[in-house]
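Student: following is a predicted model, sequence given first.
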Amino acid sequence: VQLQASGGGWVQSGGSLRLSCAGSSASPWTFETHAVGWFRQAPGKEREAVAAISCSGRNTYYADSAKGRFTISRDNTKNTMYLQTNSLNPEDTAVYYCKALRWDRSYVYWGQGTLVTVSS
C-alpha cells in the first residue's frame, strides 16, 4: 500500500493550500475501510495530529490549531483524501504526512510527506 501526499508548497501568511493524499496498492486493498488523517512535523518538534476523518467521512477530528481554518475530506471513489488549509500562518510550516488506519487497527500506513512553508 502506498500513500502519495501532494499539494504542499510555499505560501504567504494568510494564504491557502489544498493537500491531497492518494492511496494505491498492487494487491487488493480498500481505501474506504481505513480511517485517514493528517499529521505534521515542524523542524525540531514532534509529529502532531492535525485532522482525521472516519471511513465513511461522517466523523471528523481537528486539533485545536486546525479548527476553523482546516477542512478534511475524502473521496472514496478516488481513494483520495484532502486537507484544505486556509488562513495559514508561519506556525503551520511543517512537513505534512497522511496516515491510514484500518478499521480494526490491524494495519497502519504512512505517506511520504509534503512540505508546507508559510512566510510572514
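Tutor: Everything's here; your move. Numbering: from 1, shown residues only.

Student: element containing Arg40, please.
Tutor: Secondary structure assignment for Arg40, by DSSP states H and E: strand 34-41.

Student: chain center to that strand: distance?
Tutor: Relative to the chain's own centre, strand 34-41 is displaced by 5 Å; criterion: C-alpha atoms, centre = their mean, to the nearest Å.

Student: and the strands in this structure?
Tutor: Taking DSSP state E to define them, one finds strands in the chain at 2-6, 9-12, 17-24, 34-41, 48-53, 60-62, 70-75, 80-85, 94-102, 108-110, 114-119.

Student: can I get the ones you listed in TSV with mean pLDDT and mean neighbour count?
Tutor: The C-beta positions use only the backbone N, C-alpha and C, and glycine is treated the same way. TSV is the format used below for the strands of the chain (pLDDT from 0 to 100; neighbours: other C-beta atoms under 10 Å):
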stretch	mean pLDDT	mean neighbour count
strand 2-6	96	18
strand 9-12	98	13
strand 17-24	96	19
strand 34-41	98	22
strand 48-53	98	19
strand 60-62	98	16
strand 70-75	98	18
strand 80-85	98	23
strand 94-102	97	21
strand 108-110	95	14
strand 114-119	98	17
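
Student: ok, the most centrally placed residue in the chain to Ser27 distance?
Tutor: Central residue of the chain (C-alpha atoms, centre = their mean): Trp38, 2.9 Å from the mean position. Look at Trp38 and Ser27: by C-beta to C-beta, to the nearest Å, they are 25 Å apart.

Student: Arg69 now?
Tutor: In this structure, Arg69 and Ser27 are 37 Å apart, going by C-beta to C-beta.

Student: and what of Lys78?
Tutor: From Lys78 over to Ser27 the distance is 19 Å, taken as C-beta to C-beta.

Student: the more surrounded of those two?
Tutor: Neighbour totals were compared for Lys78 and Ser27, and Lys78 leads with 12 against 5 (other C-beta atoms under 10 Å).

Student: who are the contact partners of the residue nearest to the centre of the chain?
Tutor: Trp38 makes contacts with 19, 21, 49-52, 72, 83, 96-99, as judged by C-beta atoms under 8 Å, 6 or more residues apart in numbering.
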